[in-house]
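Asks: I need the structure of the sequence given here:
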Amino acid sequence: MTDRLNGLRVLVTRPAHQAKALLQQLELQGAVPVSFPLLQIVPLSESDIGYHALKQKFLDLDLYQHVLFISPNAVQLGYNWIDQYWPQLPLGIQWLAIGKQTAAKLSNYGIDAYHSALGYDSEALLQSPALQKVAGDKVLIVRGEGGRETLAKELSARGAEVSYAEPYRRKCPEYSHQEIQQALFSEPLDAILISSGAGLENLLGLISNKDGKLITDSLFSCHLIVPSNRIKFKARQLGFNRITTASGPDDNSMINALMQ
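Replies: Numbering: from 1, shown residues only. Just a heads-up that it's a prediction; the model follows:
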């Protein structure tokens, strides 16, 4: 593999358990990757509010006509629940995924899921034939706590009865002032790879002081790689001025965008 990214200092912000392959690919391309996760995935525990309601959602899995997974994390943590109560998957469910990565993760568990070839977001999936006629159907969306409401609102408008199963929450990792300075400011960054809107917000939160004023504008001049035009628009509103939209959130798409 060539070293087309020779010497570029690249901030990788994926959750720690999802960053290894991307870090290795960047190194092979000659880059200097800096791992700085901006999201931490925390599974729901039995002591959490909502645990028993979540359990009931998965016990009632056979009551849904459509089960939709938002992300690979939703697949991994959602399937852990499904596997507890459904050694054989219920029949008659249309399985859906946002993006080919999520669909591939489901395939690893033996679930053949539909995903839209048009893109990696809710809007792309909503355009697909699979979700045009859902009036009277029950839809279960598996995701982390919170997040966008686009899918639920539009499917409800089409006559579906929509519920959420949220087996995890996303939080910003805790960093000391020294850790932030070391990762972000000890040496100039050339690029930042952002995989979600929540990660982008967490980055800005970490570099803000008590008054909400940014400590530095140096990050705004970095080459920011984002997975969608929606996040690009958000980043521009926040002050970033050099932004490239990758063709998707997967490792190869992000690296290809970085090379542009």
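
Asks: next SSE downstream of the strand ranked longest in the chain?
Replies: The residue-count maximum for a strand in the chain (DSSP state E) belongs to strand 161-171. Next helix or strand after strand 161-171 toward the C-terminus (DSSP states H and E): helix 177-180.

Asks: got the contact list for the longest strand of the chain?
Replies: Contact with strand 161-171 is made by 39-44, 50, 54, 57-58, 64, 73-74, 77-78, 80-81, 136-146, 151-152, 155-156, 198, as judged by CB atoms under 8 Å, 6 or more residues apart in numbering. Placement of C-beta: from N, CA and C, glycine included.

Asks: that one: which residues count as buried?
Replies: Of all the residues in strand 161-171, those buried under the rule 16 or more other CB atoms under 10 Å are 161, 162, 163, 164, 165, 166, 167, 168, 170.

Asks: picking that back up, mind giving me the ChimeraX select for the contacts of strand 161-171, buried ones only?
Replies: Applying 16+ other CB under 10 Å to the contacts of strand 161-171, the buried members can be selected in ChimeraX as follows:
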select :39,40,41,44,54,57,58,64,73,74,77,78,81,137,139,140,141,142,143,144,151,152,155,198
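
Asks: among the contacts of strand 161-171, name the ones in strands.
Replies: Those of these lying in strands (DSSP E): 40, 41, 42, 43, 138, 139, 140, 141, 142, 143, 144.

Asks: among those, which pair sits farthest apart?
Replies: Greatest spatial distance in the ones in strands among the contacts of strand 161-171: 40 and 138, 31.5 Å, computed using CB to CB.

Asks: phi, psi for residue 91 please.
Replies: When read as degrees, to the nearest 10, the backbone of residue 91 gives phi -90, psi 160.

Asks: who are the neighbours in contact with it?
Replies: Counting by CB under 8 Å, 6+ apart, residue 91 has contacts residue 62.

Asks: got a list of what residue 242 touches?
Replies: Residue 242 neighbours (CB under 8 Å, 6+ apart): 221, 222, 223, 224.

Asks: so is residue 95 in a helix, a strand, or just coil?
Replies: strand (DSSP: H, G, I helix; E, B strand; the rest coil).

Asks: that one contacts residue 64, doesn't it?
Replies: No. Here residue 95 does not reach residue 64: they are 10.2 Å apart, not a contact under CB atoms under 8 Å.

Asks: let me see the mean pLDDT of the longest helix along the chain.
Replies: Identified as the longest helix of the chain according to DSSP state H is helix 72-85. If you average the pLDDT over helix 72-85, you get 97.

Asks: and the angle from it to strand 161-171?
Replies: Going by axes from the mean of the first three to the mean of the last three CA atoms, to 10 degrees, helix 72-85 is angled at 110 degrees with respect to strand 161-171.

Asks: what packs against helix 72-85?
Replies: Other elements packing on helix 72-85 under the criterion 3 or more CB pairs under 8 Å, 6 or more residues apart in numbering; DSSP states H and E are strand 40-43, helix 51-59, helix 100-108, strand 138-144, strand 161-171.
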